[in-house]
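Enquirer: just to be clear, the model below is a prediction. Sequence and coordinates:
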Number of protein chains: 2
Amino acid sequence: MPRQRDDATTAAPTLEDVAARARVSTATVSRTLNSPTLVSAATRARVMAAVEALGYAPNFGARVMAARRTNTFGAIIPTMENAIFARGLQAFQEELGRNGITLLVASSSYDPALEEDQIRALVARGADALLLIGHDRTEAAYDLLDRRRIPYLAAWVHDPASPRLSIGFDNRAAMQALAEKVLGLGHRHLAAITAPRAQNDRARARFDGIGAAMRARGQDAGALAVEEMAYSIENGAAAFRRLMARRPRPTAVLCGNDVFAAGALMAAREMGLSVPGDVSVTGFDDIELAGIVTPALTTVHVPHRQMGRRAAQMLITLCAGKDPGPSVKLETSIACRASLGPPPGA
Amino acid sequence: MPRQRDDATTAAPTLEDVAARARVSTATVSRTLNSPTLVSAATRARVMAAVEALGYAPNFGARVMAARRTNTFGAIIPTMENAIFARGLQAFQEELGRNGITLLVASSSYDPALEEDQIRALVARGADALLLIGHDRTEAAYDLLDRRRIPYLAAWVHDPASPRLSIGFDNRAAMQALAEKVLGLGHRHLAAITAPRAQNDRARARFDGIGAAMRARGQDAGALAVEEMAYSIENGAAAFRRLMARRPRPTAVLCGNDVFAAGALMAAREMGLSVPGDVSVTGFDDIELAGIVTPALTTVHVPHRQMGRRAAQMLITLCAGKDPGPSVKLETSIACRASLGPPPGA
DNA sequence: CCGTCAAATGTAAGAGCTTACATTGCACCA
DNA sequence: TGGTGCAATGTAAGCTCTTACATTTGACGG
């Protein structure tokens, strides 16, 4: 079983190499690395010296196979391109780090099939638990997760109707509150820019929130002007231009997230429209961007960092086989900034 | 932890389980999955049915151990919090995806010790190659990489003086060109907001570029007002405020990246300063943000996507044992937008 | 009708680690 | 001085795959 020495410079050193050099058994080396207290100080020093000298790093695959756990969590987010998930994920990672857990991140491009692939990849890599976004995914994905008993948690959502564990906020109610505020200012011609709703429960919920607010005021929700596109600044700008061409022209554009809203603001500037003088614009998520653009965005503030940190804690609890408690509903608030005002002539 | 071995319904199905169900040997199952052409159609169908029925997914660790390669690349970026690396990384991932390679991402928080840990983690996980940012890292990190013969590539830099393979641009020359443009407009009191230079060659190079431009014009580079902080909007704003308190008050603030510049713009607005009327602000990187803020940022445009894509290609070539060619120098340009103008009274 | 050869499949040896269990050695006490 | 018990260490059995090599099967030419 000893490896050939002729390629010793290329091949990674193994436990056995370290053991040989430190003149102990492989078990002792393993213990030195994983449960130092079981090893005498003298031996420990000898082993560490050998590790150092050889530049040894344990082979992860082998370790996983033998130990049957990885101390690795996975997260699959829809996109890394914009900052929607950045802050939450950062907090998630920090909390995991404090607990000695490594985070692997993959992105699904808002594509359920791709997400399923990524879940499979992460599971195969031995992720002990997964953080996912929202509840919308393929049956096969849920199947895999349940079958393998992989603990997982849906973040960025709180849907009382779902039996699945989640941490997040009520996207629908939050958007409804914002829409009610807009309506309360006297706006009668609303428009929405939403992400494709078919496979995105957050987008769907947010959109529905607008309709709910309109109906609550006795308005016809069917009168809402809608543009549906993938999240991006460019798309937000394009959608805004099209909305401004409609008649009656909307006096308030409610965007599915801040990225859209930033695009809308850009388009407005290009078109020479004043915000909120000619038209109001609102966002959702309160990412950093929201405070930077001019005018600053009125948007739904989401407790990103808190969500990330608590998600980590819940998942760790779950992994330990303990009860993480029920799904967590976080509170959102409306960040009132300059982009929202009364309709023109009001 | 989660999976106990005596619980058949919980344990992940193994190759052996699939083999038993399909009434073939484990070798045949493995071949069906990895080299389907070696297996007859009938057998293949039987095996696939078993795979399906059992929800089998190969154990990555075991596969790596046996096959000694992972088709996984790793990337370690300094931060995920802002979008500096997002676009390049996305392109990198897309190109890898086209080649059947999975990307694992980790972030180092601009901390070399942490980066070293992350390198170790990724290498242990069997990353076939690594994408790193810049050339500044610990000796130990380079040691590990060289020892294990892990192909790696430094991106976001092109330092002719470094023998190490890289793809990127000349940060120094790019910033120098921008600074010369600023000076050409008549500015005489420059200020800089830079990231900590000690362990960040890009920040250092950019900063040095400003000094070079000043000297080239016969100015005293020592007169440059400097603020050094970690990249963040908040810090950019704070640094800007402090710079505006200096006398003589700078008429142009050159920021180490667009995030700082966005912060500076915010602070200027709060202070009632007009940009570029009272003070000009420039950025670096030309991330999406640059076009969104008001006024839009004059900044150094970087070909993010091209860099990401070509980085992937080079790394793949390197992994195949072929010659990736020399380090690649990409061209930057100056994106002239509204935030830069002549100094007041000029 | 047999030998040959290729295609299809099987057998079994690792790959590097963890850990249950076994062994050793030594201090301490009766 | 022999027995006890514990701390330190060793032994070796897996963990789940891939693949070199071995075997089986059947078509086909002579």
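Expert: Structure's in. What do you need?
Enquirer: for the residue nearest to residue A:102 when sequence neighbours are not counted, give me phi and psi.
Expert: Excluding the flanking residues, the one nearest residue A:102 by C-beta to C-beta, 6 or more residues apart in numbering or on different chains is residue A:72, at 4.8 Å. All C-beta spots, glycine's among them, are computed from the backbone N, C-alpha and C. Main-chain torsions, residue A:72, degrees, to the nearest 10: phi -130, psi 130.
Enquirer: what stretches of chain A score poorly on pLDDT?
Expert: A:1-11, A:346 (pLDDT under 70).
Enquirer: hang on, the earlier thing: wouldn't the residue nearest to residue A:102 be in contact with residue A:105 here?
Expert: No - applying C-beta atoms under 8 Å, one finds residue A:72 not in contact with residue A:105, separated by 11.2 Å.
Enquirer: more neighbours: the two, which one.
Expert: Ranked by neighbour count (other C-beta atoms under 10 Å in any protein chain shown), residue A:72 and residue A:105 place residue A:105 first, with 23 against 20.
Enquirer: could you look up the SS state of that one?
Expert: Look at residue A:105: counting by DSSP: H, G, I helix; E, B strand; the rest coil, its state is strand.
Enquirer: enumerate the residues of chain A near DNA strand D.
Expert: A:23-28, A:31, A:38-40, A:42-43, A:62, A:65-66, A:68 (C-beta under 7 Å from any atom of the strand).
Enquirer: now, those that are in helices?
Expert: A:26, A:27, A:28, A:31, A:42, A:43, A:62, A:65, A:66 (DSSP state H).
Enquirer: and those, which are buried?
Expert: Buried residues within those, counting neighbours by 16 or more other C-beta atoms under 10 Å in any protein chain shown: A:28, A:31, A:43, A:62, A:65.
Enquirer: now these in JSON lines, with distance to chain B?
Expert: Putting those into JSON lines (distance: C-beta to the nearest C-beta, whole Å) gives the following:
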{"residue": "A:28", "distance to chain B": "20"}
{"residue": "A:31", "distance to chain B": "18"}
{"residue": "A:43", "distance to chain B": "23"}
{"residue": "A:62", "distance to chain B": "6"}
{"residue": "A:65", "distance to chain B": "5"}
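Enquirer: quick check: the farthest pair among those?
Expert: Farthest pair in those (C-beta to C-beta) is A:43 and A:65. Separation: 25.8 Å.
Enquirer: get me the contact residues on the stretch 151-300 of chain A for DNA strand C.
Expert: Residues of the stretch 151-300 of chain A found near DNA strand C (C-beta under 7 Å from any atom of the strand): none.
Enquirer: contacting residues for the residue in the stretch 151-300 of chain A positioned nearest to chain B?
Expert: Relative to chain B, the nearest point of the stretch 151-300 of chain A is residue A:294 (3.5 Å; C-beta to the nearest C-beta). Applying C-beta atoms under 8 Å, 6 or more residues apart in numbering or on different chains to residue A:294 gives the contacts A:265, B:269, B:293, B:294.
Enquirer: distance check, the third one against DNA strand C.
Expert: Read that as residue B:293. Between residue B:293 and DNA strand C the computed distance is 50 Å (C-beta to the nearest atom of the strand, to the nearest Å).
Enquirer: and the residue in the stretch 201-346 of chain A positioned nearest to DNA strand D, how far is that from residue B:55?
Expert: Closest to DNA strand D within the stretch 201-346 of chain A is residue A:319: 18.2 Å, counting by C-beta to the nearest atom of the strand. Residue A:319 is 21 Å from residue B:55, where distance means C-beta to C-beta, to the nearest Å.
Enquirer: before we move on, what about residue A:237?
Expert: In terms of C-beta to C-beta, residue A:237 sits 44 Å off from residue B:55.
Enquirer: look at the two and report which has more neighbours.
Expert: With neighbours defined as other C-beta under 10 Å, residue A:237 and residue B:55 compare such that residue A:237 has more, 22 against 14.
Enquirer: what pairs with the nearest residue to residue A:80 once chain neighbours are set aside across the strands?
Expert: Leaving out its chain neighbours, the residue that sits closest to residue A:80 by C-beta to C-beta, 6+ apart is residue A:107, at 5.0 Å. Using DSSP bridges, the beta-bridge partners of residue A:107 come out as residue A:77.
Enquirer: which residues touch residue A:107?
Expert: Contacts for residue A:107 were tallied using C-beta under 8 Å, 6+ apart; they are A:76, A:77, A:78, A:79, A:80, A:118, B:93.
Enquirer: just to revisit the earlier point, most widely separated two among the ones in helices among the residues of chain A next to DNA strand D?
Expert: A:42 and A:65 (30.9 Å).
Enquirer: in the stretch 51-200 of chain A, which spans are strands?
Expert: Ranges of strands within the stretch 51-200 of chain A are A:72-77, A:102-107, A:129-133, A:152-155, A:166-168, A:190-194, based on DSSP state E, counting those that start in this stretch.
Enquirer: can you show me the CA trace of the first one as PDB?
Expert: Just to be clear, that refers to strand A:72-77. The C-alpha trace of strand A:72-77 is given here as PDB (Å, rounded to 0.1, in the frame of the first residue of the first chain):
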ATOM      1  CA  THR A  72     -20.000  22.100   5.000                       C
ATOM      2  CA  PHE A  73     -23.300  23.800   4.200                       C
ATOM      3  CA  GLY A  74     -24.400  24.800   0.800                       C
ATOM      4  CA  ALA A  75     -26.400  27.800  -0.300                       C
ATOM      5  CA  ILE A  76     -28.100  28.100  -3.700                       C
ATOM      6  CA  ILE A  77     -29.100  31.600  -4.600                       C
END
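Enquirer: could you give the angle of it to strand B:102-107?
Expert: 100 degrees (axes from the mean of the first three to the mean of the last three C-alpha atoms, to 10 degrees).
Enquirer: likewise the third one?
Expert: Relative orientation of strand A:129-133 versus strand B:102-107 (the same axes, to 10 degrees): 90 degrees.
Enquirer: so in that sheet, which strands flank strand A:129-133, and in what orientation?
Expert: Using DSSP bridges, strand A:129-133 pairs in its sheet with strand A:72-77 (parallel), strand A:152-155 (parallel).
Enquirer: alpha carbons of stretch A:233-251, as CSV, please.
Expert: Once non-C-alpha atoms are left out, stretch A:233-251 reads as follows in CSV (Å, rounded to 0.1, in the frame of the first residue of the first chain):
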residue,chain,number,x,y,z
ILE,A,233,-31.3,47.4,-14.4
GLU,A,234,-31.6,47.4,-18.1
ASN,A,235,-34.9,45.5,-18.0
GLY,A,236,-36.1,47.9,-15.4
ALA,A,237,-35.4,50.8,-17.6
ALA,A,238,-36.9,49.2,-20.6
ALA,A,239,-40.1,48.2,-18.8
PHE,A,240,-40.4,51.7,-17.4
ARG,A,241,-40.2,53.2,-20.8
ARG,A,242,-43.0,51.0,-22.1
LEU,A,243,-45.1,51.8,-19.0
MET,A,244,-44.7,55.5,-19.6
ALA,A,245,-46.1,55.0,-23.1
ARG,A,246,-49.4,53.5,-21.8
ARG,A,247,-52.5,55.6,-21.4
PRO,A,248,-53.6,56.5,-18.9
ARG,A,249,-50.0,57.1,-18.0
PRO,A,250,-49.2,55.5,-14.6
THR,A,251,-48.3,58.0,-11.8
